[in-house]
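In: need a 3D model of the sequence below.
(one chain, ligands or ions: 1)
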Amino acid sequence: MRPAWFHLAKGSYPRQARVGVGELYEEHVSRLGFTGAVAMLYHRRGATEFVSVDPELSPPPVAVKRLVALDATDPSALPLALYENDDLTLLWSQRQQPHPFAVRNLDGDQLMFVHSGTGLLETEFGSLSYRSGDFLYIPKAVTYRVIPEGPNEVLIIETRSQIEPFDIGAAGRHAPFDPTVLEIPDPSPHEESEPGEFPVMYKRNGRYLRAVLRHDPFDVLGWKGDLFPFRLHIDDILPIHSERSHLAPSIGGIFCGDGFVVSNLLPQPAVSDLEAEELPDYHRNAEYDEFWCIHNGGGLFEDGGQLVYTPQGMVHGTTEEVRKAHQQHRREGDRRTVTAVGVEARKPLCPTAEYLKQIES
Ligand SMILES: [Fe+2]
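Out: Below you'll find the predicted structure:
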């Protein structure tokens with residue numbers, strides 16, 4: 001367990017953070033995401049009321065329908081890279097046609113989140129059918145093809161280090177999902193074929209390098225080990241909540257690796273104690289960039305999906321108008337309705353030139 005640092009309090013503050021804040025405006029400044037040293041500041045006024053702010057510090061949400069990925073029209077093309085740092089790249093795929101070759105990604109593990117569409121992920125371990133709301137995990141260097149049934153929209157989290165389960169400690173080994181709900185492929189080798197030419201595209205440093213095998217790479221008759229693709233549906237993730245306190249978003253962690261955490265926001269009961277804060281307080285996540293893919297806006301975000309990015313250390317949170325309106329209409333028994341997938345990145349993420357061109361046009 002991490003040693004606690006001294007906690008002190010000065011001036012005006014509620015007895016417990018996030019509870020009975022009253023007329024004060026609470027802002028959460030934290031290190032190591034929401035798990036390290038922390039200060040709650042109690043302002044006289046709302047902390048996000050900027051007169052002006054550089055858009056690099058506070059970029060507006062991006063509707064995913066504005067994005068154009070080349071793989072939408074060219075089945076041989078790569079998805080659109082959105083953001084990247086030394087630890088990961090975030091990409092957006094709009095694939096409509098199957099990969100016309102096998103792929104081996106040498107740039108990292110991939111965790112795909114299917115925002116919309118259905119299809120089949122073919123791997124050398126076997127195949128997985130997918131639908132909207134699925135996470136698909138493909139380990140680095142494993143052979144695969146995506147075979148969509150019509151248009152797909154997929155967020156791809158490509159990471160240099162291995163993607164592993166996020167440990168939420170005291171919640172136990174069956175939270176936030178029972179590991180046995182993972183769907184693991186069964187071997188499903190292609191019919192044996194004559195020797196020929198079987199192209200494999202190796203993705204390396206963001207581009208494809210072509211190789212041609214004499215035999216079909218999807219010929220694996222069996223496998224064993226602890227490295228394999230899987231499918232996990234977001235409905236099978238069981239949210240952890242509190243009726244008396246707004247829990248920090250790290251409670252929604254599901255996967256992690258070097259320099260990143262993947263988390264989610266899921267429909268669940270709202271905080272029912274009307275004295276306690278239900279909406280996130282203003283916060284400065286001092287050491288993690290935040291990227292959210294809003295999968296289902298639940299009436300709070302635009303339909304169709306949005307991408308929301310906040311650089312580390314930048315104050316953000318619900319505006320004062322929304323906060324006041326929410327507080328007036330809030331009732332015991334309310335539910336949260338948003339479904340979203342988030343990536344917290346330890347090193348600053350840089351938007352790619354192509355993504356900037358699309359969102360600024
Ligand atoms: Fe945040």
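In: mean confidence score for stretch 260-274?
Out: Along stretch 260-274, the predicted confidence averages to a pLDDT of 96.
In: show me what the host helix or strand of residue 294 is packed up against.
Out: Secondary structure assignment for residue 294, by DSSP states H and E: strand 289-296. Taking 3 or more CB pairs under 8 Å, 6 or more residues apart in numbering; DSSP states H and E as contact, the helices and strands that strand 289-296 lies on are strand 109-116, strand 306-310, strand 339-345. (C-beta placed from N, C-alpha, C; glycine too.)
In: out of these, nearest to residue 235?
Out: Checking the helices and strands packed on strand 289-296 against residue 235 by CB to CB gives strand 339-345 as the closest, at 9.1 Å.
In: contact partners of the closest one?
Out: 33, 83, 85, 87-88, 90, 113, 133, 155, 157, 234, 249, 252, 259-267, 285, 288-296, 298 (CB atoms under 8 Å, 6 or more residues apart in numbering).
In: how long is stretch 115-129 from one end to the other?
Out: 15 Å (CA to CA, to the nearest Å).
In: now that stretch: mean pLDDT?
Out: In this model, stretch 115-129 has a mean pLDDT of 98.
In: hmm, back to that, mind putting the helices and strands packed on strand 289-296 in a markdown table, distance to residue 44 and mean neighbour count included?
Out: Formatted as a markdown table, the helices and strands packed on strand 289-296 follow (distance: least, CB to CB, whole Å; neighbours: other CB atoms under 10 Å):
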| stretch | distance to residue 44 | mean neighbour count |
| --- | --- | --- |
| strand 109-116 | 40 | 22 |
| strand 306-310 | 24 | 20 |
| strand 339-345 | 30 | 23 |
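In: out of those strands, the one nearest residue 230 is which?
Out: strand 109-116 (10.0 Å).
In: for residue 142, find the nearest of the helices and strands packed on strand 289-296.
Out: Among the helices and strands packed on strand 289-296, if distance is taken as CB to CB, the winner is strand 109-116, at 9.1 Å.
In: circling back to that earlier point, now the helices and strands packed on strand 289-296 in JSON lines, with distance to residue 241?
Out: Output for those, formatted as JSON lines (distance: least, CB to CB, whole Å):
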{"stretch": "strand 109-116", "distance to residue 241": "22"}
{"stretch": "strand 306-310", "distance to residue 241": "21"}
{"stretch": "strand 339-345", "distance to residue 241": "14"}
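In: per-domain residue ranges of the chain.
Out: Following the assignment in automatic domain parsing, the chain carries domains at 25-47+239-345, 67-163+176-234.
In: any idea how far the closest residue to residue 177 other than its chain neighbours lies from residue 99?
Out: Nearest residue to residue 177 in three dimensions, chain neighbours excluded: residue 237, at 4.9 Å (CB to CB, 6 or more residues apart in numbering). Shown here: residue 237 relative to residue 99, a distance of 28 Å by CB to CB, to the nearest Å.
In: cool, residue 134 as well?
Out: The spacing between residue 134 and residue 99, counted by CB to CB, is 18 Å.
In: what do you get for residue 111?
Out: Applying CB to CB, one obtains 18 Å for the distance of residue 111 from residue 99.
In: per-residue pLDDT of residue 328, please?
Out: Looking at residue 328, the pLDDT reads 87.
In: burial measure for it, as a count.
Out: As a burial measure, residue 328 scores 7 neighbours (other CB atoms under 10 Å).
In: where does it land in three-state SS?
Out: Following DSSP: H, G, I helix; E, B strand; the rest coil, we place residue 328 in the helix state.
In: where does the protein have low pLDDT?
Out: In the predicted model of the chain, residues 1-4 satisfy pLDDT under 70.
In: 80 instead?
Out: Along the chain, the model assigns pLDDT under 80 to residues 1-5, 361.
In: okay, helices next: where are they in it?
Out: Chain-ordered helices for the chain, with DSSP state H as the definition, fall at 320-329, 353-360.
In: among those, which is nearest residue 42?
Out: Distances from residue 42 to each of the helices of the chain were compared using CB to CB; the minimum, 14.8 Å, belongs to helix 320-329.
In: mind listing what residue 227 touches?
Out: Contacts here follow CB under 8 Å, 6+ apart; on that basis residue 227 touches 139, 142.
In: what about 6 Å?
Out: In this structure, residue 227 makes contact with residue 139, judged by CB atoms under 6 Å, 6 or more residues apart in numbering.
In: quick one: residue 286 from residue 178, how far?
Out: Using CB to CB, one obtains 34 Å as the distance from residue 286 to residue 178.
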